[in-house]
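Asker: Curious how this folds, go ahead:
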Amino acid sequence: MKQLAELTEVFRSKNAGPFLLTVDMVFAETSGYEAVKRSGVLNRETVAERYRVDAQQVQIHYVDGIRTVKVTLPRPGAASGAPGDRDVYGAQQHGPLLDLEIPDEPPPRSESKSQNNTEKRRNL
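Answerer: Presented below is the predicted three-dimensional model:
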């Protein structure tokens with residue numbers, strides 16, 4: 001098992017306007033990018049929990065062609081430049097995701113929902 005930071009070449013955060021934050025992860029190897037994508041560990045709920053924001057406001061975009069993941073979420077705390085804001089540029093906000101554990105092996109395949117629904121209908 002590796003930490004997310006170990007798989008990336010670039011791991012940074014920045015403002016996406018005064019109220020949003022974006023975290024960019026550029027992967028050194030396709031295998032690391034695919035492991036993260038396949039694992040499902042980097043998801044809205046995990047990001048929301050680590051940043052203490054609403055999961056419905058978290059967006060995660062995988063960009064296969066450039067082995068990049070972009071996560072956008074509400075800025076935790078104050079808006080950029082507001083009194084009490086300690087990171088006007090949002091450049092120090094990627095920390096909560098650095099140690100996210102990524103499994104070496106893909107999770108076991110589960111039956112698809114359509115297969116489960118077919119089984120349920122047969123049992124009726």
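
Asker: need the contact list for the residue most central in space within the chain.
Answerer: Centrality entry for the chain: nearest residue to the mean C-alpha point is residue 42, 4.0 Å, by C-alpha atoms, centre = their mean. By C-beta atoms under 8 Å, 6 or more residues apart in numbering, residue 42 lies in contact with 4, 36, 60, 69, 71, 97, 100, 102. Using the backbone N, CA and C atoms, a C-beta is placed for each residue, glycine as well.

Asker: if you set the cut-off to 7 Å instead, what comes out?
Answerer: By C-beta atoms under 7 Å, 6 or more residues apart in numbering, the contact list for residue 42 reads 36, 60, 69, 100.

Asker: phi, psi of the first one?
Answerer: In other words, residue 36. Phi and psi for residue 36, reported as degrees, to the nearest 10, are phi -70, psi -50.

Asker: So what's the residue count around it?
Answerer: 23 (other C-beta atoms under 10 Å).

Asker: From residue 67, how far off is it?
Answerer: 10 Å (C-beta to C-beta, to the nearest Å).

Asker: May I have the beta-bridge partners of the closest residue in space to residue 57 that isn't next to it in sequence?
Answerer: Excluding the flanking residues, the one nearest residue 57 by C-beta to C-beta, 6 or more residues apart in numbering is residue 74, at 5.2 Å. Going by DSSP bridges, residue 74 is paired in beta bridges with residue 20.

Asker: from the chain's centre, how far out does whatever helix or strand residue 33 lives in sit?
Answerer: Using DSSP states H and E, residue 33 sits within helix 30-39. With C-alpha atoms, centre = their mean, to the nearest Å as the basis, helix 30-39 stands 12 Å off its chain's centre.

Asker: same for whatever helix or strand comes next after that helix, what does it pack against?
Answerer: Sequence-wise, the next helix or strand downstream of helix 30-39 (DSSP H and E) is helix 44-51. Counting contacts by 3 or more C-beta pairs under 7 Å, 6 or more residues apart in numbering; DSSP states H and E, helix 44-51 packs against strand 68-74, helix 95-98.
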